[in-house]
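Novice: coordinates for the following, if possible.
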Amino acid sequence: MSRSFFPAMLLLALWACNVACDRQKKDPGLVHPEISPEINQVIESNKNDHPAEDAVESVAEEPQVIEAAAPDALEDTFGSSALFGLAKADESMTAGEDLLQTGEYAKALEQFKIAAEIDSENEEVFFNLGFAHSRVGNTEAAIAAYQKTIEIFPAYGEAHNNLGNLFLKEKLFTSAIEHFKIGIEIDPEHAAAHNNLGTALSRQLKINEAVPHFAKATQIDDRYIQAWCNLGNAYTSQKRFKDALGAFQHVLSIDPSFPPALSGMQRLRSKVIA
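Specialist: Got it, this is the predicted structure:
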């Protein structure tokens with residue numbers, strides 16, 4: 001072998017070494033040059049798999065503790081103490097209703113207060129509470145109780161009617177009219193709501209709007225003498241004297257001594273004579 005062969009082989013070996021070093025610098029992720037890129041990628045991705053699995057396992061352990069404690073927690077929350085509370089609320093409601101029947105409104109009010117403290121999402125409790133408050137003269141408290149009733153059950157027509165009456169008493173005619181109208185939307189055959197709406201409109205001197213509601217109330221209940229009197233007074237204001245006379249006569253046929261009808265007849269006579 002000639003002397004020139006060894007230097008040539010040495011140069012070739014150095015060149016190959018330099019190429020390999022350049023590749024390593026250009027692609028530092030190629031940590032396994034003897035393995036194909038696809039397999040090497042799998043190896044690299046698997047390095048990050050275990051921490052993720054550990055995180056999932058640590059989170060998954062927590063619900064097991066909650067599930068183990070859940071039966072005891074439910075028993076504490078909805079167990080005998082809660083049932084006892086509801087029974088007490090029902091007992092107070094019944095006692096309060098009995099007291100209303102006998103006219104003992106202040107005592108009834110105390111019973112409904114107890115029920116409301118226990119059962120704070122029962123519309124009937126707050127309806128009765130509002131009724132009792134109104135009977136003892138607590139108008140603001142009664143309004144708040146009826147508003148709570150409607151908050152719990154918006155379609156409670158009787159609560160809207162009673163709330164409207166309280167606003168009417170306070171001369172808050174716009175609010176009264178609003179609730180009477182809602183009550184009528186809920187129950188179009190609610191005679192009292194029609195009569196009350198007519199009254200509120202009359203207080204605003206809207207007689208022409210009031211008359212149809214007074215008339216509707218008498219159509220629903222032919223013996224609703226207060227509505228008949230209101231209708232007679234409205235007819236008098238419209239100078240429909242014959243219609244007014246008929247309304248008052250109808251009332252007196254039911255109750256000959258009903259004061260509003262007697263005063264209405266007297267006012268009618270003065271209008272006709274004048």
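Novice: which SS state does the nearest residue to Arg267 once chain neighbours are set aside fall under?
Specialist: In space, and not counting its chain neighbours, Arg267 is closest to Thr236: 6.3 Å by CB to CB, 6 or more residues apart in numbering. (Glycine included, C-beta is placed from N, CA and C.) At Thr236 the chain is in helix, as set by DSSP: H, G, I helix; E, B strand; the rest coil.
Novice: swap in the one 3 residues further on?
Specialist: Under three-state DSSP, Lys239 falls in the coil class.
Novice: then the one 10 residues further on?
Specialist: Using three-state DSSP, the secondary structure recorded for Gln249 is helix.
Novice: rewinding a little: the residue nearest to Arg267 and Ala144: what is the separation?
Specialist: 38 Å (CB to CB, to the nearest Å).
Novice: and Phe241, by the same measure?
Specialist: 44 Å.
Novice: same thing with Pro260?
Specialist: 32 Å.
Novice: which one's more surrounded, Thr236 and Ala144?
Specialist: Thr236 (23 against 15; other CB atoms under 10 Å).
Novice: buried sites along the helix or strand harbouring Glu140?
Specialist: Per DSSP states H and E: Glu140 is located in helix 139-152. Neighbour counts using 16 or more other CB atoms under 10 Å place Ala141, Ala142, Ile143, Ala145, Tyr146, Gln147, Lys148, Thr149, Ile150, Ile152 of helix 139-152 among the buried residues.
Novice: got it, and stretch 116-136?
Specialist: 116, 118-119, 122-135.
Novice: which ones among these map onto helices?
Specialist: Using DSSP state H, the members of those that fall within helices are 116, 118, 123-135.
Novice: can you tell me which of those residues is nearest Arg267?
Specialist: Ser134 (30.2 Å; CB to CB).
Novice: quick check: that closest one touching Asn128?
Specialist: No: using CB atoms under 8 Å, Ser134 makes no contact with Asn128, being 10.7 Å away.
Novice: quick one: classify Ala155 as helix, strand or coil.
Specialist: coil.
Novice: so it touches Gly183, yeah?
Specialist: No: look at Ala155 against Gly183 with CB under 8 Å: they stay out of range, at 10.0 Å.
Novice: more neighbours: which of the two?
Specialist: A count of neighbours by other CB under 10 Å puts Gly183 above the other of Ala155 and Gly183, at 25 against 12.
Novice: give me the element the more buried one is part of.
Specialist: Gly183 belongs to helix 173-186, assigned by DSSP H and E.
Novice: what comes up buried for stretch 175-187?
Specialist: Applying 16+ other CB under 10 Å to stretch 175-187 flags Ser175, Ala176, Ile177, Glu178, His179, Phe180, Lys181, Ile182, Gly183, Ile184, Ile186 as buried.
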